[in-house]
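In: Sequence and predicted model, in that order:
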Amino acid sequence: MTASHSATPSTKHDASTFISDHRAVDRSKLSQMYQHYIETKEKYPHAMLLYRVGDFFECYFEDAVTLAQQLELVLTSKQAGEQGRVAMSGVPHHSWERYATLLVEKGYAVVICDQVEDSAEAAGRLVRREITRILTPGTLLEDGMLKASRNNYLAAVVIAGEHWGLAYADISTGEFLTTQASNLEHLTQELMRLQPSEVLIPTNAPDLGSLLRPGEKSEHLPACLPPSFCYALRSQVPFSQGEARAKLLQKFKVRSLEGLGCDHLPLAVRAAGGLLEYLEDTQKEHPVFLQGLRTYTITDYLIVDNQTRRNLEITQTVRDGTFHGSLLWALDRTSTAMGGRALRRWLLQPLLDIKGIRARQDTIAELIENTPLRKELRQLLRQIYDLERLTGRAGSGTANARDLVALADSLARLPELASLVADTRSPFLKALQKVPPVLSELAEKLHAHLVESPPIYLTEGGLIRQGVNALLDEQKITVEGDRQWIANLEVEERAKTGIPTLKVGFNKTFGYYISISRAKADSVPSNYIRKQTLTNEERYITPELKEREARILTARDDLNQLEYEIFTALRDEVGTHAEVIRILSRAVAAADVLCGLAELGVHQGFCRPEMVAGREILIVDGRHPVVEQSLPAGFFVPNSTQLGGTNRRDAKIAKEEDKGTRGLLGDKGNSSPTPPLSPSPHPDLIILTGPNASGKSCYLRQVGLIQLMAQIGSFVPAYEARLGVCDRIFTRVGAVDDLATGQSTFMVEMNETANILNHATERSLVLLDEIGRGTATFDGLSIAWAVAEYLAVDIRARTIFATHYHELNELAAMLPNVANYQVTVKELPDQIIFLHQVQPGGADKSYGIEAGRLAGLPAVVIQRAKQVMGQIEKHSKIAMGLQNLD
Ligand SMILES: Nc1ncnc2c1ncn2[C@@H]1O[C@H](COP(=O)(O)OP(=O)(O)OP(=O)(O)O)[C@@H](O)[C@H]1O
């Protein structure tokens, strides 16, 4: 590597010494290569062009400056003909993927223009170069560029008034889906769920083809599109109904879109067609392999908005955005990358359909009952690689030989998997019982053709086993014979010349040579031709050596070429089976998720929730699935919940009540569960009070997480649960100033609350952690009261409302479907002991003053605060006052 290419922080350059704007040059004065560079660059004005020159990929002009800045490389310059020096920056060719990944992560599109012939072949003329790859954030296939645990989505959006169409695809796994709906807010939510790496939008922008990097502003970006994504501005034409429809019909070789389910959804069709056109446009070198288009409806799934996803910490924690500590982290016991991605998808899109939920539950139940099956299944799954992505790379022609060996190893496991689950009865295991024979044959063929550990590079031979191809074997024997001849040459020539230090070497410039120390140069035989003189040695060739060399090199090239051809034929063959492999991969992924959930269920003592048609939420001795795992075993205090039930009372609970065990206190060590009980046995709304840090938020989230887990089909951390399916889960949890949009804490809080009140239904679960704290106490309390009333009376949404306003406890006296719960503490003279137990009843006082005392506020301040408190309480009999008002 030369200093100019070294990956060290850039140094300051005097820009006047070289040209960094390609428009400012007189092309006729540029040497041929730079003219070709500019021609190529003009075809991809919005991408970074990495141009192969010898052992480097180089950028010139503007791209050189950007590359140096973005990757902290040295910006230097290069003589570009009579025109003078131009800005240049570059990266070593063997590590282009690493640098391209960094650029793509920063939101750049990258075009790779590689040399497609050896400079020796070009013999003086310009080396032939071609575009070999176009990388955009949403179209990655390379193993090192993708995160194994998550999908990499490319999305396309079409907006017409309040209506929208959204299509998305993961080209590495073949998923391709489309949908249409109204209400732009739902589009925002759907995009937030998917977290696409790149979003295509049709525009009339003059700057078509450009890629807006995350956070980059543009007047062409509709307000409903979150600014945190990468947007590719595309022409309207491929997104028109006519073009898009034709593209889909042609791609899927169908006569009508009815079979794809989107015939009646023009915006969904337009988005999907526009997406396909983009793939065709950017992936010419590596045709993309997509599964059939699937149409879905957003309302078929539990709606978890971005707010709730964040507050419930489903894929990352709120505090520091880490995966560790999230629900996904706590639940993931999958054994394959495909399973890991599927679990993430499931968590972000829980089901509404009870049948679907029960099918998953049945599979978990069977795997819990049958421990040997579960253990063996996990063992086998661990030996299966990422079939979805390996197949994708094979189909698009980017797989290397190691990929195909990994694919063959994995395919070979499938019949074992099938016989393991042969006698199972649950749907997700039965799906693995049949492996199409063609896949076993394919695995055998790959194993028979490819060596066990092939090299990464495909053009340097060493890929194909002996016995596969007679011509190949013959050529190998010839090359081996010649190699042997060279190996013997050193011994023979030493004997002939009597020079014991004589050596036979090879380098790229001179090929094979005989090296002799200068001291012995006088005794070389006459047939030796001197080729090079170094400080201590002379290098010679002989006519015979050169003849052999020519034979070896040609034979080796032919051999490598033949191996490459055999390999690509194999790879293409895998591509033709992509659909079958991917269908089975999906089944493997689902079984893996369920097997992991079963394993977790056994270890954590989860129960199978009974999913019911009504609105009931009954959780006996529920636990928070993440907090429980972060505490020592047995430390988490279970708590029960009962919301939105009918008047039918749970027999078990009634029995327990008869025994006189009242309250919500739970003891995990005790085998009998703690029955829930409240003055209103089936409240729709619970007012939850308790001191700071007593466990209110934890309890609130626990209920939300249990409901969500149940709707992905998982077992849940509880002694027992009976749950009606929710249509949406809403949460509002302590706000932080939204500096990005300049909104105050209180405004954020009010916006979120308004969203809940405007969209919640009686089938929703609403979790409110304090409302009204960001304003004057009385304003806050008044709003909190009115919100709670509206939720309980007008909407009847199942709600838990955690608050420090213990005045809200008065609501229970007015409304039959409101109950008070409190998280209890034990007060000692100089400390409060947190019991984390949720019990019926409201806290009769706020612990704020007590907390202030413990924190060391002067006694006189505490005393005075108590007096003020007494006065306020005297005048705040809200319920009574409101009754008079009504
Ligand atoms: N049921 C429980 N069992 C054991 N520990 C718990 C339980 N619930 C909460 N905790 C612990 O108590 C800590 C405080 O809980 P949490 O944040 O829910 O309190 P809070 O009442 O919401 O406080 P604040 O009113 O200040 O928001 C948690 O970090 C958790 O470790």
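Out: Everything's here; your move.
In: Output the lowest mean pLDDT helix or strand found in this protein.
Out: With mean pLDDT, DSSP states H and E as the measure, the helix or strand of the chain carrying the lowest mean pLDDT is helix 651-658 (a mean of 38).
In: how distant is the longest helix along the chain from the center of its chain?
Out: Secondary structure of the chain per DSSP state H: the longest helix is helix 543-576. Relative to its chain's centre, helix 543-576 lies at 39 Å (CA atoms, centre = their mean, to the nearest Å).
In: buried sites along it?
Out: 545-546, 548-549, 552, 555-556, 559-560, 562-564, 566-567, 570-571, 574-575 (16 or more other CB atoms under 10 Å). C-beta coordinates here come from the backbone N, C-alpha and C atoms, glycine included.
In: swap in stretch 689-701?
Out: Buried residues in stretch 689-701, counted by 16+ other CB under 10 Å: 689-691, 694-701.
In: So which residues of the stretch 601-750 of the chain form strands?
Out: If you assign secondary structure with DSSP state E, counting those that start in this stretch, the strands in the stretch 601-750 of the chain sit at 610-612, 617-622, 639-643, 685-689, 720-724, 728-733.
In: Go through those and name the closest to residue 130.
Out: Closest of the strands of the stretch 601-750 of the chain to residue 130 is strand 728-733, at 51.6 Å (criterion: CB to CB).
In: Is the ligand within reach of the closest one?
Out: No - contact of strand 728-733 with the ligand is not found when judged by CB under 6 Å from any ligand atom; the minimum separation is 8.9 Å.
In: can you tell me the helix or strand for the residue positioned nearest the centre of the chain?
Out: Using CA atoms, centre = their mean, the residue of the chain that lies closest to the mean C-alpha position is residue 150, 2.5 Å off. Assigned by DSSP states H and E, residue 150 belongs to neither a helix nor a strand.
In: which ones are touching it?
Out: Under the criterion of CB atoms under 8 Å, 6 or more residues apart in numbering, the contact partners of residue 150 comprise 195, 341, 344.
In: at 7 Å instead, please
Out: The contact partners of residue 150, taken as CB atoms under 7 Å, 6 or more residues apart in numbering, are 341, 344.
In: for the one 10 residues further on, same thing?
Out: The neighbours of residue 160, taking CB under 7 Å, 6+ apart as the test, are residue 267.
In: ok so, going back, ok, and which of the buried residues of stretch 689-701 reach the ligand?
Out: With respect to the ligand, and counting by CB under 6 Å from any ligand atom, the subset of those in contact is 690, 694-698.
In: Nearest to residue 166, out of those residues: which one, please.
Out: Proximity of those to residue 166 (CB to CB) peaks at residue 697, which lies at 33.4 Å.
In: which non-adjacent residue is nearest that closest one?
Out: The spatial neighbour of residue 697 that comes closest, neighbours along the chain excluded (CB to CB, 6 or more residues apart in numbering), is residue 769 at 5.4 Å.
In: Closest residue of the stretch 51-200 of the chain to the ligand?
Out: Checking the stretch 51-200 of the chain residue by residue against the ligand with CB to the nearest ligand atom singles out residue 192 as nearest, at 25.2 Å.
In: give me the element that residue is part of.
Out: The secondary structure element spanning residue 192 is helix 184-194 (assigned by DSSP H and E).
In: quick revisit: out of the ones next to the ligand among the buried residues of stretch 689-701, which comes closest to residue 612?
Out: residue 698 (25.8 Å).
In: Contact partners for that closest one?
Out: When contacts are counted by CB under 7 Å, 6+ apart, residue 698 touches 624, 627.
In: Offset the numbering so it begins at 59, please.
Out: From this message on, residue numbering opens at 59, which makes the last subject residue 756.
In: What's the separation between it and residue 857?
Out: From residue 756 over to residue 857 the distance is 17 Å, taken as CB to CB, to the nearest Å.
In: so what pLDDT did the residue in the stretch 559-708 of the chain positioned nearest to the ligand get?
Out: Using CB to the nearest ligand atom, the single residue of the stretch 559-708 of the chain nearest to the ligand is residue 695, 3.7 Å away. Looking at residue 695, its pLDDT reads 95.
In: ok, it touching residue 896?
Out: No - with contact taken as CB atoms under 7 Å, residue 695 and residue 896 are classed as non-touching, separated by 8.7 Å.
In: Neighbour count: these two, which is higher?
Out: Just comparing residue 695 and residue 896: by other CB atoms under 10 Å the higher neighbour count belongs to residue 896, 31 against 23.
In: What strands flank the strand or helix carrying the more buried one, and is each parallel or antiparallel?
Out: When secondary structure is defined by DSSP H and E, residue 896 falls within strand 889-898. Taking DSSP bridges as the criterion, strand 889-898 sits next to strand 876-886 (antiparallel) in its sheet.
In: and the angle for the strand it pairs with with strand 743-747?
Out: With axes from the mean of the first three to the mean of the last three CA atoms, to 10 degrees as the basis, strand 876-886 and strand 743-747 are set at 20 degrees to each other.
In: Quick one: neighbours of the residue in the stretch 759-908 of the chain positioned nearest to the ligand, just the number.
Out: When CB to the nearest ligand atom is the measure, the stretch 759-908 of the chain has its nearest residue to the ligand at residue 894, with 3.4 Å between them. Residue neighbour count, defined by other CB under 10 Å, stands at 21 for residue 894.
In: tell me the contacts of it?
Out: Residue 894 makes contact with 695, 752-753, 881 under the criterion CB under 7 Å, 6+ apart.
In: Same question for residue 361.
Out: The neighbourhood of residue 361, defined by CB under 7 Å, 6+ apart, consists of 785-786.
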